[in-house]
Each structure stands twice: as structure tokens, then as C-alpha cells.
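Novice: Have a look at this prediction, sequence included:
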Amino acid sequence: MPATAPTLSDTGAALFAILILLVPLAGAGLALINTGLGRSRSAAHLMMSSLCVVSVAALAYILCGFAWQGLAGQPAHVVTIGSKPWGWLGAGPLLLRHMTFGASPALLAALLGMLSAGLAGLIPLGAGADRWRVGACCASTALLAGWTYPLFAHWVWGGGWLAQLGTNYGIGQGFVDTGGASTIQAVGGLTALAIAWILGPRRGKYAHDGMPTAIPGHNAVFVLFGCLLALIGWWGLNSAGAILFNGAESGVAAIVAINSTLSAASAALAAALVTNTRFRKPDASLTANGWVGGLAASSGVCAFVLPIEAAIIGAIAGVLVTFSVEWFELRISVDDPGGSISAHAMGGLWGVLAVGIFGNVPARALGAAGQAVARPGQWLAQLAGIATLIGFVLPLTYGLNWLLNRVYPQRVPAEGERQGLDLYELGAGAYPEFVTHGDEFTER
Amino acid sequence: MKILGFMLLLSGWAIVLTALALLKQDVPRAAFVLAGLGVEIVGLTLVIRAHLVRRGEHE
């Protein structure tokens, strides 16, 4: 995609700023979903962790993240391989020094990146719910927002080597990701997988024979309201990404919002249909996970497909997420209370692949501003991105969190899990007027 | 098994990078990218199995 610095008109910059300001609603939605799918005895802890994660992500990203992510056309560390430049890391100044404090694309990109890093940081919270210490959440988020996210985002959005596959080797338009299906959703989802592996399952989740025990979420209303809130944030996220990183015109926001909504809607309906067929009743938490999976998938393709294609992509995401949740829990013993891995990692990876299958890049999004003729091989560029996420980002984020766990244990002690993290780490519960039942504290 | 799995993940990615950088023709390049992904899937399977063994640790 564009290897030159993006430009925005005054009107475009104003619209762009408004779109970015919707993004925190996606974070609020995810925080509510994660909290609702966790236990009541850890509800305040999860919301507190969400707030801390967003705060740490903002600081870490502005401290060094944006400098390393960079923006197309800005200074970067480049390795030349066979006379082709491979951008691998941004080389901007730390702490936004030397930044023009007007409505410059770089400053808007920094704002979007700061919020996106926070969003990526919220995703692992769902997988680590009920057992992840708040201090460890913060430290892990600092690594994610300060290094893992900016590194991959530079490759995709900062004019790095994945984005350059088109200009360097004629592979499609290079790796394309409209609103963060890879950079935010898949990176956050794979980090969630690493966290779930490192923390291990909650006490009592798996019996001695390996069969999982159902630990239902404590507030379906939080979960479903969070889904609706997240939709608004996703409109902003996807539209802003399409304009800034994919060179789309401001008017693309409408079709992006339509496609994002259709994708989420068909994903939720597909998940409800699948669970209704299998269990005779639609499952609220899996439907919510399907909705989020549809949103995550839409982030990849929403600027490059027709509405009917967005609906098909969403429906596939809904079915994929539903079976993925069961596969992770039942088959490979990954305890992910919030369904974060399935919704964000699987949904995001599917969204990235869908660009190669359904996407018409760049004709539909870029319109008259399209700067290049369509090249074949977009699917190969998307596969290269998926290979990078699985083959590099997953080992990287696992390794960083494994090292962190060695110096600062991330899981609360058994006593903390029995008490609930609200009491153990915060000293007060989310619902102090509720009667606490003694059997809740009985070890299974 | 876990370390071997992660090594295979990185090896698969290295195959993909090498294919993109060195191969000019579409078919061999695509074949090697798919081969790299195949190696990654083997590595991921090993990592998953390594964590399966630890099941029950937190009962």
C-alpha cells in the first residue's frame, strides 16, 4: 500500500479526528465484554486492569512505540536485500519530539496508534481473566504497546517490508490491512494465547480426566451491551485506518461502517444459529464472541469488499469463532474465559486472509485516488502476513511474556483465586451488597 | 518439545522470507511460502502438544 507519506485536506483531517475519537468506545466495549464473561468476584479487578492497561499502553506507545512504528515516508531502519529495501523498524524520535503540533498526518497517526495499542492490550485481559495480576497485566502491556505492536505495525502500516511486497516484488499491493485485523486483533489475540498458556487454566477448570468444567460469565448484560458499544468504536477504527493507511478518500467512511456492521451482524446471527442448532438454544456468550469475531474480520477487508461480501465474511467468522471457542477449551485445554483468542486471533487472521480471497485492492477503496493498477498475487501477500504473525509474532510475544513471568510471576497465588481477585488484589469487591455464598470458595 | 515447536515456527517464517526475497517466479515463490506455512503448522502443533502435557497442573 502507499509507500509515501499520506496527505489529508483540512476537511479530511477534521473527519479523521472525529473518527479516531470513536475508537475508545471499542475499548470500553471490550472491557465490558471481558468483565461480563469473568467471575463476579473478579469484576472490579478486570475493569481496573482495563483502565491500567489503556494507561500503560498510551504511555509506552508515546514513549517509544510511535517512534518505532513510524509512518510511510518517514525515517526508518532499512535493510537492503538483493537491491530491494526492507523497512524493518521506524527511526523516529522518542516521545514525539520534533513533531508539528498541527493536524499533521503523523500526529493523527500517533493518536490512532496510541488508542490502537490500548485496544490490543485489552484483548489478552479476556484470556487471563480471574488469575492475572494487575501489575503483570501492566508490565505485559508495556512490552506489547512499546515493542511487539509497533514492530508489526511498522511492517504493515509504517511502510515496512510487508507493505512493500507490492512495490518490491509485484506481489499484489503488498500486505493490506484496513483497520487492524492483523496489527491489533491478531497481535492482541496471539498475545492472549501466549498469556493463557503461560498462566495455565483457572483452578477447577479442568478435572483430573481433562474434561473442562463450565464456569459461566457473571453478567450477560455487560457482554451484550459491550458488543453494541464496540461496534461504534470499530466504525471509527476501520474508517480511520482506511483513510490514513490505505489512501482511501474520506467518503469511504460510509461504506466501511456499512461493511463493518454487516460483518458483525452476520457473524452474530451465524453464531446464534450454530449454537441454537447444536444446543437447542442460542448461546449469549458465543453469540457475543461471534459478533466480535465479525468485527475483527471486518477490520481486514471492510474498505475493499461489497456489502454482500462483508456479510459472507462475517458469517464465516461467526461459525469459525463458535467452533474455535470449543476447540480451544475442549481439545487443547486453553482456558480463555473471554473468548479473546477465538474472537480476535482467529477472527483477525480470517479477516486478513479474506482480503486475498474477496478483496478488490485498491480499486474500490482508493477510487480516483488509486495510485496503481491491480496486481495479481494479493493472496500471497496476505499469506506472508499470516506466516509472519504465526511464525514470528507468536514466538516473540510468548518469549517476552515468558521472560517477564520468570522475573515477575504473572499469576496470582491459589489463595487469590479462591478469594477472588477483587478482594485479594483490590481489597474490595465490585458488588459489596451481594451475599457471598460459601460454596464459591470451595476448591473443586 | 515446546522449544522445538517454537524453533519450527521461526524456521517456517524464515522459509517464507527467503522465498519472498530470492525467488522471482510466481509458482515456486508461492510453493515455498506455502511450504513455510506448513512448517509453521507443524511447529504450532508441537507447541500445543507441549502445553497439553501440562494440563492439570493448576487443578
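Specialist: Arrived safely, thanks for sending. Numbers count the residues shown, from 1 in each chain, chains lettered A, B, ... in the order given.

Novice: okay, CA-based contacts and neighbour counts for the rest of this
Specialist: Noted.

Novice: Up against chain B, what does the stretch 251-400 of chain A have?
Specialist: A:332-333, A:380, A:383-384, A:387-388, A:390-392, A:395 (Cα under 8 Å from any Cα of the partner chain).

Novice: could you dump the helix or strand hosting residue A:387 to PDB, C-alpha only?
Specialist: Using DSSP states H and E, residue A:387 sits in helix A:378-388. This file holds the C-alpha atoms of helix A:378-388, laid out as PDB (Å, rounded to 0.1, in the frame of the first residue of the first chain):
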ATOM      1  CA  GLN A 378      -2.700 -10.400  -3.300                       C
ATOM      2  CA  TRP A 379      -3.500 -13.700  -1.600                       C
ATOM      3  CA  LEU A 380       0.300 -14.400  -1.400                       C
ATOM      4  CA  ALA A 381       1.000 -11.100   0.300                       C
ATOM      5  CA  GLN A 382      -1.800 -11.900   2.800                       C
ATOM      6  CA  LEU A 383      -0.400 -15.400   3.400                       C
ATOM      7  CA  ALA A 384       3.100 -13.800   4.000                       C
ATOM      8  CA  GLY A 385       1.500 -11.600   6.700                       C
ATOM      9  CA  ILE A 386      -0.300 -14.600   8.300                       C
ATOM     10  CA  ALA A 387       3.000 -16.600   8.300                       C
ATOM     11  CA  THR A 388       4.700 -13.600  10.000                       C
END
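
Novice: gap between it and the chain center?
Specialist: 18 Å (Cα atoms, centre = their mean, to the nearest Å).

Novice: Residue A:308: neighbour count?
Specialist: Residue A:308 has 12 neighbours, counted by other Cα atoms under 10 Å in any protein chain shown.

Novice: Name the helix or strand for it, please.
Specialist: helix A:307-326.

Novice: Quick check: next helix or strand after that helix?
Specialist: Assigned by DSSP H and E, the successor of helix A:307-326 is helix A:340.

Novice: helix or strand right after that following helix?
Specialist: That would be, after helix A:340 and using DSSP H and E, helix A:347-358.

Novice: I'd like to know the average pLDDT value across that following helix.
Specialist: Averaging pLDDT along helix A:347-358 gives 96.

Novice: again with stretch A:147-160
Specialist: Stretch A:147-160 comes out at a mean pLDDT of 96.

Novice: give the contact list for whichever residue of chain A sits closest to chain B.
Specialist: Residue nearest to chain B within chain A: residue A:391 (4.5 Å; Cα to the nearest Cα). Residues counted as contacts of residue A:391 (Cα atoms under 8 Å, 6 or more residues apart in numbering or on different chains) are B:9-13, B:40.

Novice: Identify those among those residues that sit within helices.
Specialist: B:9-13, B:40 (DSSP state H).

Novice: Now flag whichever of these is closest to residue A:156.
Specialist: residue B:13 (16.2 Å; Cα to Cα).

Novice: interface residues of chain B facing chain A?
Specialist: Going by Cα under 8 Å from any Cα, the residues of chain B near chain A are B:6, B:9-13, B:16, B:20-22, B:24, B:30, B:33, B:36-37, B:40, B:48-49, B:51-52, B:55-59.

Novice: Any idea which residue of chain B lies closest to chain A?
Specialist: residue B:9 (4.5 Å).

Novice: list the contacts for that residue?
Specialist: Counting by Cα under 8 Å, 6+ apart, residue B:9 has contacts A:390-392, A:395, B:39-44.
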